[in-house]
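*Asks:* Here is a sequence together with a model predicted from it:
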Amino acid sequence: MAVVGLDMGNFSSYIGVARAGGVEIVTNEYSDRLTPTYVTFDKSTRAIGQASKAMEITNARNTICNFKRLLGRRYLDGYVQQEKELNAYSIVEGKGGSVNIEVNYLNERQRFTPEQIAGIMFSKLKHITNTESSTKPIDCVIGVPCYFTDAERRAMLDAAQIAGWNCLRLLNETTADSTIYHFFVDEFLRLFLSRFVFCYAVLRLHRAFKGSGFYPSSQPQLSNDLLENVQIHKMILELSALLNVRQLFLEGPLTTADLISSNQ
């Protein structure tokens with residue numbers, strides 16, 4: 001096992017190694033190929049992966065997930081402000097307008113950068129890899145979204161370095177997909193709609209080395225979350241029109257107060 005492939009997603013991570021017969025996805029201590037991309041801080045310890053995800057409800061304000069979208073961004077960035085409203089944990093402004101995540105750790109309020117959180121996650125993936133292999137590899141290739149900017153890519157490299165990985169290359173996810181599929185088909189269209197982004201890529205190969213074409217693109221603003229929010233907003237408007245929900249909410253507390261006053 002010379003080089004390891006790492007895919008750290010917003011909510012799940014995978015480790016791929018080249019072995020006899022092809023690429024194998026390494027299993028973690030739970031014999032699961034999927035390792036949740038979660039980091040939880042507690043009063044005395046920290047949990048990573050599945051142990052962290054199990055604490056998502058009971059310790060929501062100190063459980064960090066979806067931090068990949070914060071890498072390499074400034075605090076006033078629109079994406080950061082959007083994540084600040086959606087996540088339970090505290091996102092605050094750091095030095096020089098950077099992004100910090102504030103948690104309660106070791107009985108005090110502490111701040112971590114998204115790169116440090118990602119480094120903690122990468123250290124977990126390294127531990128899983130070393131447990132599976134006796135060679136203890138440090139060289140890796142990391143998959144990143146094709147829309148990542150230079151700052152985001154550099155932040156990903158910094159996070160990998162924190163965990164002791166030697167990242168040989170950052171590989172676009174659309175490129176990685178096309179590298180596999182071109183063995184089976186001459187033309188390939190890859191569509192990927194996740195919770196946070198819509199990516200697509202067109203691959204066209206011409207045999208006998210006559211040429212080829214690869215056309216990746218993405219729309220970070222178009223995501224599954226956006227479509228769900230549009231549907232939820234539409235349902236709220238329809239319910240408000242039919243049941244006058246807003247008026248019920250306004251009158252509810254007054255009615256309760258009147259009942260309490262009349263019973264006293």
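*Replies:* That came through, no problem.
*Asks:* got the contact list for Y75?
*Replies:* Going by C-beta atoms under 8 Å, 6 or more residues apart in numbering, Y75 touches I91, V92, E93, G94, G97, S98, V99. C-beta: built from backbone N, CA, C; applies to glycine.
*Asks:* Not including adjacent chain positions, what is the nearest residue to it?
*Replies:* In space, and not counting its chain neighbours, Y75 is closest to E93: 4.2 Å by C-beta to C-beta, 6 or more residues apart in numbering.
*Asks:* and the one you found, how many neighbours?
*Replies:* Neighbourhood size, E93 [other C-beta atoms under 10 Å]: 13.
*Asks:* from what I can see it touches R111, true?
*Replies:* No - the pair E93 / R111 is not scored as a contact, 10.1 Å apart, by C-beta atoms under 8 Å.
*Asks:* any residues in contact with both of these two?
*Replies:* N100.
*Asks:* quick one: the closest residue to T63 other than its chain neighbours from Y89, how far?
*Replies:* In this structure, T63 finds its nearest non-sequential neighbour in T40, 4.4 Å apart by C-beta to C-beta, 6+ apart. Distance, T40 to Y89, using C-beta to C-beta, to the nearest Å: 10 Å.
*Asks:* between those two, which one's more packed in?
*Replies:* Applying other C-beta under 10 Å to T40 and Y89 shows that T40 carries more neighbours, namely 25 against 22.
*Asks:* For V26, grab phi and psi.
*Replies:* Dihedral angles of V26 (phi, psi; degrees, to the nearest 10) stand at phi -70, psi 140.
*Asks:* wait, isn't it in contact with R19?
*Replies:* No - here V26 does not reach R19: they are 9.8 Å apart, not a contact under C-beta under 8 Å.
*Asks:* Show me which of those two is the more surrounded one.
*Replies:* Neighbour totals were compared for V26 and R19, and V26 leads with 20 against 11 (other C-beta under 10 Å).
*Asks:* Tell me the pLDDT of that one.
*Replies:* At V26, the model reports a pLDDT of 94.
*Asks:* What of V230?
*Replies:* As predicted, V230 sits at a pLDDT of 72.
*Asks:* Which strand or helix spans it?
*Replies:* Using DSSP states H and E, V230 falls within helix 224-243.
*Asks:* hey, what's G143 bridged with?
*Replies:* On the basis of DSSP bridges, G143 is bridged to L171.
*Asks:* Double-check it against L171; I have them as touching.
*Replies:* Yes - contact criterion C-beta under 8 Å: G143 and L171 qualify, at 5.5 Å.
*Asks:* And stretch 166-174, what's buried?
*Replies:* Going by neighbour count (16 or more other C-beta atoms under 10 Å), the buried part of stretch 166-174 is C167, L170, L171, N172, E173, T174.
*Asks:* ok, now stretch 134-152?
*Replies:* By 16+ other C-beta under 10 Å, the buried positions in stretch 134-152 come out as P137, C140, V141, I142, G143, V144, P145, C146, Y147, F148, E152.
*Asks:* any low-confidence regions in the chain?
*Replies:* Low-confidence segments of the chain, defined by pLDDT under 70: 1, 180-229, 241-264.
*Asks:* could you pull out the helices for it?
*Replies:* Using DSSP state H, the helices assigned to the chain run over residues 50-53, 78-86, 114-132, 150-162, 173-181, 224-243, 245-263.
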